[in-house]
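S.K.: need the 3D shape of this:
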Amino acid sequence: MATTSEIQVGMAAIAARLSDQRQVMIKAKANAGSASVALAAIPNDFADVIATVTAYGTSNAYEATIKAQLTKMTAEFNALKAKADAVAAVDLNS
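M.R.: Residues are numbered from 1 along each chain as shown. Next comes the predicted model:
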């Protein structure tokens, strides 16, 4: 069983760790917000590439491969953007 002085030291240590980790989470939330903004810019920043690849057919091996890669990247983009948005929206005050 902890003594009164050990409890006081322990409680202060718990508070310090909570405070430190809250700052980590605040930074993680800010980073997620930045990631969301950077991801959101991809469709505009690479509109020409996306439009070209989207127009590709599937009879040419190169075009089919690139088109398949874009499909996979689109799925990855959608999942990552949703996760970044979710982290950025977390309420750390509740």
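
S.K.: tell me the contacts of the closest residue to residue 40 other than its chain neighbours?
M.R.: Nearest non-adjacent residue to residue 40, counting by C-beta to C-beta, 6 or more residues apart in numbering: residue 81, 7.0 Å away. In short, each C-beta sits where N, CA and C put it, glycine included. By C-beta atoms under 8 Å, 6 or more residues apart in numbering, the contact list for residue 81 reads 36, 39, 40.

S.K.: and the most centrally placed residue in the chain, how close does it get to residue 61?
M.R.: Centroid-nearest residue in the chain: residue 84, 3.1 Å away (criterion: C-alpha atoms, centre = their mean). Distance, residue 84 to residue 61, using C-beta to C-beta, to the nearest Å: 34 Å.

S.K.: okay, buried residues for the helix or strand that contains residue 39 please.
M.R.: Using DSSP states H and E, the element containing residue 39 is helix 4-40. Neighbour-count burial for helix 4-40, counted by 16 or more other C-beta atoms under 10 Å, picks out 29, 32, 35, 36, 39.

S.K.: for those residues, give me CSV that also has distance to residue 49.
M.R.: Converted to CSV, the buried residues of helix 4-40 look like this (distance: C-beta to C-beta, whole Å):
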residue, distance to residue 49
29, 31
32, 26
35, 21
36, 21
39, 16
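
S.K.: okay if I get those as CSV plus distance to residue 2 and pLDDT?
M.R.: Compiled in CSV, the buried residues of helix 4-40 are given as follows (distance: C-beta to C-beta, whole Å; pLDDT from 0 to 100):
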residue, distance to residue 2, pLDDT
29, 34, 97
32, 38, 98
35, 42, 98
36, 44, 98
39, 48, 98
